[in-house]
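Trainee: My questions are about this predicted structure, shown below with the sequence.
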Amino acid sequence: MPIALLSVSDKTAIVELARDLAFRGYTLLSTGGTARQLLSAGLHVTSVAEVTGFPEMMDGRMKTLHPAIHGGILARRDRPDDLAALERHAIGLIDLVIVNLYPFAEAARDDATPFESLIEQIDIGGPSLVRAAAKNFRHVLVVVDPGDYPRLLAALDDTPTLAFRFELARKAFRATAAFDARVVDALDRFEAGAAAFARRPARREPGAFSFSLDKVRDLRYGENPHQRATWYRAPDLESGATQHWGFGDATVLQGQELSFTNLLDLDAALRIVLEFDVPAAAVIKHTNPCGVAIGDTISDAYIRAREADRLSAFGGIVALNREMDRATAEAMTATKIDCVVAAAVTAEAREILKRKPNMRVVIADCQAATTAALELRSILGAMLVQERDAVVEARTVWTPEALPDGFRVATRRQPTADEWEALRFGWRVCAHVKSNAVVFANRDQTLAIGAGQMSRVDAVQVAMLMAQRTHGLVGSVAATDGFFPFRDGVDLVATAGATAVIHPGGSVRDPEVIAAADEHGLAMVFTGRRHFRH
């Protein structure tokens with residue numbers, strides 16, 4: 001009878017898998033908690049201790065590290081000398097290894113985990129089993145991901161192909177490499193003290209990152225049709241694990257094949273709407289928003305975002321921070337939209353979207369994407385790593401009595417209640433527009449956006465030009481991602497019709513800029529915090 005070794009920390013579906021393997025004639029060999037769970041489910045299990053002749057010892061540090069186990073995994077079935085060695089020592093063959101590793105990453109993420117407890121989460125036997133089985137992939141199947149259990153059973157019902165075996169082996173080696181990288185990263189955050197190991201007083205990035213990328217699919221093309229491109233799941237640089245949220249775990253419902261630029265635009269749009277707790281929509285062109293809005297419903301938010309600049313919205317990319325319902329789908333199919341990403345899509349909405357079969361529709365887990373994390377970006381010959389930016393200071397309502405740390409009203413006039421809400425809205429959007437950026441807005445909709453200009457004055461002028469074909473800017477507010485270095489930008493903002501402005505402040509000419517705002521009767525808020533986006 002073939003033998004399957006099962007030893008898992010993540011016990012998702014392990015009982016069901018073991019039952020299916022037993023039904024297919026496998027002898028179940030197991031350890032510790034896995035064996036107890038299988039036995040309690042009524043399955044017959046042989047313990048590793050019965051095979052090795054040694055009990056588990058040292059609080060489980062020693063379980064499977066024994067020739068009777070590793071010999072059965074490593075033996076090459078096409079080598080008579082290997083098989084003869086097993087026979088001499090009465091070692092049986094092990095054909096299938098189901099192992100996943102200790103939850104080290106979870107323990108490392110918890111600052112309350114003591115150093116000695118963290119050390120005990122460094123798996124030794126698990127990676128050894130996985131590496132042995134992966135090395136001998138031609139003869140032994142190795143599975144490290146519960147998500148692969150259905151594929152494993154389907155392969156066993158046929159004949160596992162060499163390609164399938166090799167795929168599982170590569171995935172296994174990636175798992176052990178990522179585990180080791182997480183250990184190195186975690187230990188880099190400690191230092192040896194006189195009496196004990198303690199966490200470093202300040203966060204320090206590790207000296208090296210080690211991770212692998214899981215391929216999602218090939219893309220239609222890159223930024224241009226002559227460029228090849230591929231979509232991968234990004235690693236979580238905090239843990240080394242593959243991301244399973246956002247575009248790392250997205251579902252494409254319909255539409256033409258996605259391109260590199262489609263995904264960049266979808267990402268830019270999604271980042272904006274995730275800044276809002278209320279229903280929000282963003283329409284993107286070339287990674288910059290042409291319209292952003294909030295509303296009582298997601299359909300209301302989408303229509304306002306589209307109407308913020310209807311001309312630019314044609315052929316745009318849309319993100320919603322709520323489930324797309326029937327009303328939103330009806331509004332979206334009323335014009336040309338190339339791509340949309342939403343938290344979910346109702347069954348009714350899916351039927352309506354089929355009217356536009358070329359429209360690419362993507363579902364992505366939005367909530368998990370709000371978690372703070374590190375981000376990776378490539379430059380020629382190098383990689384850059386930074387913390388993800390988030391407009392955390394705008395997550396609560398602003399009032400004169402309750403302003404975020406570092407905020408101050410610099411002018412004689414205080415913003416009105418409506419202006420405070422409009423400033424908070426515009427500030428959140430501005431953080432996601434390419435610098436230099438100026439956003440004119442009211443409390444629930446962008447009115448004009450000047451993006452990616454070489455001077456802030458040019459950004460204001462671009463926004464004013466855009467406003468000529470859309471909304472007037474009288475009574476609006478303006479937000480910009482950096483300080484005004486001269487008063488000319490403030491003069492233009494006032495000429496456009498804005499009544500309040502928000503920016504980081506910090507220029508040597510701040511007194512000149514404040515004086516200009518006072519002359520025009522503007523309310524001006526300094527944030528003491530900037531949000532450049534390059």
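Mentor: Nice, thanks for sending it over.
Trainee: What residues of the helix or strand containing residue 425 count as buried?
Mentor: Residue 425 is part of helix 417-430 when elements are defined by DSSP states H and E. Under the neighbour-count criterion of 16 or more other CB atoms under 10 Å, helix 417-430 has 419-430 buried. For every residue, glycine as well, the C-beta is placed using N, CA and C.
Trainee: other SSEs contacting that helix?
Mentor: Helix 417-430 is packed against strand 288-294, strand 438-441, strand 446-450, strand 477-480, strand 500-503, with contacts defined by 3 or more CB pairs under 8 Å, 6 or more residues apart in numbering; DSSP states H and E.
Trainee: Just put those in TSV and tack on distance to residue 330.
Mentor: TSV is the format used below for these (distance: least, CB to CB, whole Å):
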stretch	distance to residue 330
strand 288-294	17
strand 438-441	26
strand 446-450	23
strand 477-480	32
strand 500-503	36
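Trainee: right, and residue 155 touches residue 161 too?
Mentor: Yes: applying CB atoms under 8 Å as the test, residue 155 and residue 161 come out as touching, 7.4 Å apart.
Trainee: Assumed residue 518 was part of a helix.
Mentor: Yes: counting by DSSP: H, G, I helix; E, B strand; the rest coil, residue 518 is part of a helix.
Trainee: wait, what's in contact with it?
Mentor: 411-413 (CB atoms under 8 Å, 6 or more residues apart in numbering).
Trainee: check contacts around residue 72.
Mentor: Per CB under 8 Å, 6+ apart, neighbours of residue 72: 3, 86, 91-94.
Trainee: Regarding it, what is its secondary structure?
Mentor: helix.
Trainee: ok, the nearest residue in space to it that is not next to it in sequence to residue 176 distance?
Mentor: Residue nearest to residue 72 in three dimensions, not counting chain neighbours: residue 94, with 3.9 Å by CB to CB, 6 or more residues apart in numbering. As judged by CB to CB, to the nearest Å, residue 94 and residue 176 stand 18 Å apart.
Trainee: between the contacts of residue 72, which has the most around it?
Mentor: residue 94 (27 neighbours; other CB atoms under 10 Å).
Trainee: Report the buried residues of the lengthiest strand in the chain.
Mentor: Assignment by DSSP state E gives strand 246-254 as the longest strand of the chain. Buried positions in strand 246-254, judged by neighbour count with 16+ other CB under 10 Å: 246-248, 250, 253.
Trainee: ditto for stretch 451-470
Mentor: Neighbour counts over stretch 451-470 (16+ other CB under 10 Å) mark 451-453, 456-464, 466-467, 470 as buried.
Trainee: Can you tell me which of these is nearest residue 363?
Mentor: Of all the buried residues of stretch 451-470, residue 451 has the smallest distance to residue 363: 27.7 Å, by CB to CB.
Trainee: Pretty sure that closest one sits against residue 459.
Mentor: Yes: shown here, residue 451 and residue 459 form a contact pair, counting by CB under 8 Å, at 7.1 Å.
Trainee: shared neighbours of those two, anything?
Mentor: In contact with both residue 451 and residue 459: residue 437, using CB under 8 Å, 6+ apart.
Trainee: And the contacts of residue 72, which two are furthest apart?
Mentor: 3 and 86, at 12.3 Å, using CB to CB across the contacts of residue 72.
Trainee: which SS class is residue 433?
Mentor: coil.
Trainee: Toward the C-terminus from the longest helix that the chain contains, list the very next helix or strand.
Mentor: Using DSSP state H to define each element, the chain has its longest helix at helix 162-188. Next along the chain after helix 162-188, taking DSSP H and E as the criterion, comes strand 190-192.
Trainee: If you count contacts, what does that next one end up packed against?
Mentor: strand 197-199.
Trainee: Could you tell me the angle between the direction of the helix or strand just after the strand it packs on and that of strand 246-254?
Mentor: Following strand 197-199 in sequence order, the next helix or strand is strand 214-218 (DSSP H and E). On the basis of axes from the mean of the first three to the mean of the last three CA atoms, to 10 degrees, strand 214-218 is oriented at 30 degrees to strand 246-254.
Trainee: Name the residues that touch the helix or strand of the chain with the lowest mean pLDDT?
Mentor: The least trusted helix or strand in the chain, going by mean pLDDT, DSSP states H and E, turns out to be strand 197-199, with a mean of 73. The contact list for strand 197-199, computed with CB under 8 Å, 6+ apart, reads 111, 115-116, 189-191.
Trainee: got these as JSON lines, with pLDDT columns?
Mentor: What follows is the contacts of strand 197-199, written out as JSON lines (pLDDT from 0 to 100):
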{"residue": "111", "pLDDT": "76"}
{"residue": "115", "pLDDT": "84"}
{"residue": "116", "pLDDT": "84"}
{"residue": "189", "pLDDT": "75"}
{"residue": "190", "pLDDT": "78"}
{"residue": "191", "pLDDT": "76"}
